[in-house]
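*Asks:* Quick one, fold the following:
(one chain, ligands or ions: 2)
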Amino acid sequence: MLRIGVLVSGGGTNLQAIIDRVENGQLKNVEIGLVISNKEDAYALERASKYNIPTKCLAPKTFENKEAFNQELIKTLKDASIDLVVLAGFLVVLDKEVIQTFENRIINVHPSLIPAFSGKGFYGLKVHEAALERGVQYTGATVHFVDEGTDTGPIIMQKVVKVLQEDTPSTLQKRVMEEAEWEIMPQAIQMIANNEIIIEGNRVITKGNTKEEAK
Ligand SMILES: Nc1nc2c(c(=O)[nH]1)N[C@@H](CN(C=O)c1ccc(C(=O)N[C@@H](CCC(=O)O)C(=O)O)cc1)CN2
Ligand SMILES: NCC(=O)N[C@@H]1O[C@H](COP(=O)([O-])[O-])[C@@H](O)[C@H]1O
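*Replies:* Ligands and ions are numbered 1, 2, ... in the order given. Sure thing, here's the model as predicted:
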């Protein structure tokens, strides 16, 4: 059983997609052990509570310094016996200490085809505003391992979404969530639960897709 801790900051629709698939049996051998938010008014916390999933609010500003926040976050995840940390709309860049404690065990969903429109300052609606401003024909979403950079870790899965002439940042955000994020995040979690992921440098090799195995 893969025990996941989901970190959130906002509405929690990606969290809901994970909850729905655990509840309907699509996501197998996965349990949500804990949901942590850096914002106490995050609706994602209400979504978790409706399913009796333990929740905790850890707001960096309420700690003496970032180091104290990091320590409490690490302790909370360890005390809950979390195997995989899932960032689902979590808008805090994690420090080296957290990354090293959960090396290759933190994943994130980003609402673009990384490396496009990613990194510091690119989050939420800003990502889609930038995509429309640039005039790309296609965008999408990416699930990647989290490293000390921002959106620079090994890419696990991506899904493409066509940009429509009439798109606004909001309509594009909604379609990227519905058609891409809510699909590839649960799929990536399932692959990790099935132990199908191999990391080679900054590349992810999916077991069963290597040349040898394909023979
Ligand atoms: N060490 C890492 N931490 C996090 C990563 C990562 O790849 N490495 N991914 C992010 C999520 N993320 C994009 O997917 C992201 C989150 C936040 C920001 C950002 O610029 N945040 C602002 C504050 C925003 C706010 O609080 O409203 C900031 O830090 O100034 C960019 C990208 C999660 N953590
Ligand atoms: N860089 C991180 C980032 O921009 N994350 C994005 O925030 C939204 C959170 O939605 P949710 O709270 O409804 O899941 C999602 O679109 C997610 O990709």
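*Asks:* Tell me the residues of the chain that contact ligand 1?
*Replies:* Within reach of ligand 1 by Cβ under 6 Å from any ligand atom, the chain has these residues: 87, 90-94, 99, 108, 110, 120-123, 146, 148, 150-151, 153. Placement of C-beta: from N, CA and C, glycine included.
*Asks:* let's see 8 Å
*Replies:* 7, 9, 38, 87, 90-95, 98-99, 106, 108-111, 118-124, 144, 146-153 (Cβ under 8 Å from any ligand atom).
*Asks:* Helix, strand or coil: sort out K120 for me.
*Replies:* Assigned state for K120: coil (three-state reduction, DSSP: H, G, I helix; E, B strand; the rest coil).
*Asks:* can you tell me the helix or strand for the nearest residue to it once chain neighbours are set aside?
*Replies:* Of all residues beyond its chain neighbours, the one nearest K120 is T150 (5.3 Å), with distances taken as Cβ to Cβ, 6 or more residues apart in numbering. Using DSSP states H and E, T150 sits within no helix or strand.
*Asks:* Just the ones of the residues of the chain next to ligand 1 in strands?
*Replies:* 7, 87, 106, 108-110, 144 (DSSP state E).
*Asks:* top helix in the protein by residue count?
*Replies:* Ranked by residue count and defined by DSSP state H, the top helix of the chain is helix 66-79.
*Asks:* Go ahead and name everything in contact with that helix.
*Replies:* Defining contact as Cβ atoms under 8 Å, 6 or more residues apart in numbering, one finds that helix 66-79 is touched by 5, 34, 36, 56, 58, 60, 63, 85, 95, 97-98, 101-102.
*Asks:* count of residues packed around S49?
*Replies:* S49 has 12 neighbouring residues, counting by other Cβ atoms under 10 Å.
*Asks:* if we can go back for a sec, quick one: the residue nearest to K120 and V204, what's the gap?
*Replies:* 18 Å (Cβ to Cβ, to the nearest Å).
*Asks:* same question, A131
*Replies:* 24 Å.
*Asks:* the more surrounded of these two?
*Replies:* Using other Cβ under 10 Å as the criterion, A131 and V204 rank with A131 on top: 26 against 19.
*Asks:* Quick check: which element contains that one?
*Replies:* Counting by DSSP H and E, A131 is part of helix 125-134.
*Asks:* Any of the residues of the chain next to ligand 1 buried? List them.
*Replies:* 7, 9, 38, 87, 90, 92, 94, 98-99, 106, 108-111, 118, 122-123, 144, 146-147, 150-153 (16 or more other Cβ atoms under 10 Å).
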